[in-house]
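In: Take a look and give me a structure for this.
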Amino acid sequence: FPPAGNHYTGMQLDFIGSVVEAAAAYDYDVLLSPSGMDSDRSFQRLLGERRVDGAILMEIRLEDDRADHLAALGFPSVAIGRTAHPEDGWYVGLDHTALAAACVHHLADLGHRRVAFVNRPEQLLRTGYESAHRGLDGFTKAAAERGLTVRTYCCGDDAAAGQACVERILHDDPATTALVTLNEAALGGLYRGLAHAGRHVPRDFSITGVVANRWAETVTPQLTAADVPAAEMGRLAVDLLVERLDHSDAPPRQHLLIPPISLRASTGPAGPPRADTTA
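Out: Coordinates of the predicted model:
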């Protein structure tokens, strides 16, 4: 589980905790490796010295050398996330394409016509981070389908970056009335930036996204979101890996989850254009 930046985000820690708890139920211990690619010494030690019976891979990239390497070795592994060619692998995935699109349709149904997308950090997009790419794809296609005017932004995984991102959004297009985000670590900053700009949520501005429910419920007003089921995904990944260990000849199995949007208090009907904006 390589941290995406200088630290693990709250959602990442939720996944780690869920895997540890589920593995303990099978009487397995979990060794956490920060490896991001198959050439990492930590990754090679775990494989070469057979320190582990199987592997669960997190922070999946569309082209992921770790997954390719493990498949070539025939080493039992399960991914939480999907590569660009998932059909032959074992994985538990979240359909970020469908979820980002559902967020767009929710906002469009409320009358929002100018919407921003707040993605994960730019370096993750450059390295092929799966959820960032699939979420962007779902947002872009749904926005085109609904005829919305949109802008997309990469944002660092912290509150300060979230606040700066809102400032850029409102500078680039002051008529923006809503945003969709995949970045739960920046969520507090997004709210703070809107407050500093005098935008009341949801009267003046709506926010939605793909975020774990316990983080969606820590902001005020609580976030309307497609809740990431981290505990369920961690448990399913462990279940699949134990199945692989017990039945080495079993065909690949996958779980692709599409949780519904939980309607909370951060989205509302688009109001009339503000006096300081243009249509």
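In: How much space separates Val30 from Met58?
Out: In this view, Val30 and Met58 are 12 Å apart by CB to CB, to the nearest Å. No exception for glycine: its C-beta is placed from N, CA and C like everyone else's.
In: Looking only at neighbour counts, state which of the two leads.
Out: Met58 (20 against 14; other CB atoms under 10 Å).
In: dump the residue contacts of Tyr191.
Out: Gly162, Val201, Ile207, Val219, Thr220 (CB atoms under 8 Å, 6 or more residues apart in numbering).
In: Same list (those residues) but as TSV, adding pLDDT, neighbour count and secondary structure.
Out: Below are those laid out as TSV (pLDDT from 0 to 100; neighbours: other CB atoms under 10 Å; DSSP: H, G, I helix; E, B strand; the rest coil):
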residue	pLDDT	neighbour count	secondary structure
Gly162	98	26	helix
Val201	98	21	coil
Ile207	98	28	strand
Val219	94	20	coil
Thr220	95	10	coil
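In: What residue spans form the domains of the protein?
Out: By the assignment in automatic domain parsing, the chain contains the domains 10-94+229-259, 96-227.
In: mind listing the strands in the stretch 101-250 of the chain by residue range?
Out: Per DSSP state E, counting those that start in this stretch, the stretch 101-250 of the chain carries strands over the ranges 114-118, 149-153, 178-181, 206-211, 224-227.
In: Just tell me which of those ends up closest to His247.
Out: strand 224-227 (31.8 Å; CB to CB).
In: Would you quantify the distance from Asp157 to Ala186?
Out: 6 Å.
In: same question but for Gly135, I mixed them up
Out: For Gly135, the distance to Ala186 equals 14 Å [CB to CB].
In: Ok, Cys103 next?
Out: Distance from Cys103 to Ala186, by CB to CB: 16 Å.
In: host element of Gly93?
Out: strand 91-94 (DSSP states H and E).
In: before we move on, back to that, settle it for me: which of Asp157 and Ala186 has more neighbours?
Out: Ala186 (28 against 23).
In: quick one: contacts for the more buried one?
Out: Val118, Cys155, Gly156, Asp157, Asp158, Ala159, Ala161, Gly162, Cys165.
In: would CSV of the residues you listed with distance to Pro76 be doable?
Out: Formatted as CSV, those follow (distance: CB to CB, whole Å):
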residue, distance to Pro76
Val118, 37
Cys155, 36
Gly156, 35
Asp157, 31
Asp158, 36
Ala159, 39
Ala161, 38
Gly162, 39
Cys165, 40
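In: Pick the one among those closest to Phe1.
Out: Asp157 (14.5 Å).
In: Surely the closest one touches Thr9?
Out: Yes - contact criterion CB atoms under 8 Å: Asp157 and Thr9 qualify, at 5.5 Å.
In: shared neighbours of these two, anything?
Out: With CB under 8 Å, 6+ apart as the test, Asp157 and Thr9 both reach Ala185.
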